[in-house]
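**Q** With the sequence up front, the predicted model follows.
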Amino acid sequence: MARSTAASRRRRFRLIRVAGLGGLLVGALPGLLGTSAWATPRTPTAGTTTVTGQAPAGDAVPREVTARWEFDREAEAGANSVPGGPAMTLGGGAKLVPGAGFMGAGGLLLDGERAYAAGAVPVDTGTSFTVTAWVQTSVESTRRMTLVSAAGNTTSSFRVDFVPARAHRAGGAAWEATMARTDTAGSKTVSAVNAGGWNSGTDWNHLAVVYDAPAQQLHLYVNGQLGTAPCFDDDRDGAADDPQCVPAVPWADHARSFTAQRSLQVGRAKSRGTFGDHWSGAIDDVWAFRGALSSEQINYLSSGWVGLPTEVPDIPEAG
């Protein structure tokens with residue numbers, strides 16, 4: 001099996017691998033998901049630092065492919081490669097364009113204004129699931145844009161977004177997975193933010209959101225990695241130089257969600273009963289799985305192999 005010829009277009013990034021968190025991030029772990037900052041001394045080459053975090057714990061839900069939209073068939077633009085799986089309908093001017101994808105013969109192009117693709121939700125978002133896709137923005141966006149989401153009546157049970165840099169968040173622009181606890185406008189949410197392992201949104205990137213329901217953990221992988229951006233501590237006093245700094249952390253605890261029964265949306269998300277945050281760019285090879293895939297399986301899917309069979313990757317797990 002060969003890697004995609006499009007792989008040459010991906011950024012070749014250098015990873016700094018660290019066993020656990022010791023020696024890299026300074027600060028109290030209880031502040032991980034709040035406004036408390038992790039801090040690390042800056043070095044001449046410092047920037048976004050990538051670490052490999054804890055992999056999903058897994059659970060008793062059998063891992064099973066429930067959908068794969070390859071966006072390769074012009075005559076059946078939203079066809080599902082899983083027999084009996086739900087097809088997607090393209091709307092708002094969404095187009096399947098030959099040569100526009102990362103994998104295979106074509107890709108889905110969205111205009112950032114009205115275009116989207118949607119179909120029945122192929123997984124129970126209240127239990128463990130995994131959704132992956134290849135994605136590329138058309139421009140370096142200055143606004144939030146949604147890659148994929150699962151719509152309820154009022155809000156999305158989960159959504160994966162590209163978010164521009166904002167004040168006091170480490171790492172600049174980032175990818176963000178958000179999970180809502182209830183289908184209400186004021187629902188509590190948790191977010192996993194990945195700011196490492198990628199260079200630009202205009203490159204092709206592989207995104208994977210993994211929800212482990214029994215462990216109540218949400219993970220967001222970019223190009224097979226969990227990339228963390230810490231807050232800097234130039235004076236080495238154990239506190240972030242910017243007291244308001246929030247680190248980018250690609251996993252979240254205490255994640256719980258409702259079962260989205262409306263639709264799986266590619267290229268937009270629902271908030272307060274209205275769709276928005278439309279994607280501008282290309283999306284390709286979207287997968288959905290029951291169960292939480294392992295980090296080894298995610299890494300395999302992100303490697304850009306041509307001719308991947310539509311099945312759960314048979315990859316041994318570490319340990």
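**A** Right, received. Where do you want to start?
**Q** For residue 182, which non-adjacent residue is closest in space?
**A** The spatial neighbour of residue 182 that comes closest, neighbours along the chain excluded (CB to CB, 6 or more residues apart in numbering), is residue 258 at 5.7 Å. Any C-beta I mention is one placed from the backbone N, CA and C, and that applies to glycine too.
**Q** Leaving out chain neighbours, which residue sits closest to residue 123?
**A** Nearest residue to residue 123, sequence neighbours excluded (CB to CB, 6+ apart): residue 129, at 4.0 Å.
**Q** how many other residues sit next to the one you found?
**A** Taking other CB atoms under 10 Å as the criterion, the count of residues near residue 129 is 28.
**Q** What of residue 314?
**A** Other residues near residue 314 come to 8 when the count uses other CB under 10 Å.
**Q** pLDDT value on it, please?
**A** Looking at residue 314, its pLDDT reads 90.
**Q** next one: residue 17
**A** pLDDT, residue 17: 28.
**Q** now residue 126
**A** At residue 126, the pLDDT value in this model is 96.
**Q** Tell me the backbone dihedrals of it, please.
**A** As for residue 126, its main-chain torsions (degrees, to the nearest 10) stand at phi -90, psi -10.
**Q** residues contacting it?
**A** Neighbouring residues of residue 126 by CB atoms under 8 Å, 6 or more residues apart in numbering: 157, 213, 257, 258, 259.
**Q** Which of the helices or strands spans the last one?
**A** Here residue 259 sits in a region with no helix or strand, counting by DSSP states H and E.
**Q** Is it in contact with residue 123, as I believe?
**A** No: with contact defined as CB atoms under 8 Å, residue 259 and residue 123 do not form a contacting pair (9.4 Å).
**Q** Those two: which is more packed in?
**A** When neighbours are counted by other CB under 10 Å, residue 259 and residue 123 differ, and residue 123 comes out ahead with 23 against 14.
**Q** Give the buried residues for the longest strand anywhere in the chain.
**A** Here the longest strand in the chain is taken by residue count, with DSSP state E as the criterion, and it is strand 280-290. Counting neighbours by 16 or more other CB atoms under 10 Å, one finds that the buried residues in strand 280-290 are 280, 281, 282, 283, 284, 285, 286, 287, 288, 289, 290.
**Q** so what's residue 275 closest to, chain neighbours aside?
**A** Residue 275 sits nearest to residue 268 (CB to CB, 6+ apart), 4.9 Å away.
**Q** hmm, back to that, could you count how many residues lie near the residue nearest to residue 182?
**A** Neighbours of residue 258 under the rule other CB under 10 Å: 20.
**Q** list the contacts for it?
**A** 125, 126, 152, 157, 180, 181, 182, 183.
**Q** Please tabulate those in JSON lines, including the columns secondary structure.
**A** Formatted as JSON lines, the entries for the contacts of residue 258 read as follows, by DSSP: H, G, I helix; E, B strand; the rest coil:
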{"residue": "125", "secondary structure": "coil"}
{"residue": "126", "secondary structure": "coil"}
{"residue": "152", "secondary structure": "coil"}
{"residue": "157", "secondary structure": "strand"}
{"residue": "180", "secondary structure": "strand"}
{"residue": "181", "secondary structure": "coil"}
{"residue": "182", "secondary structure": "coil"}
{"residue": "183", "secondary structure": "coil"}
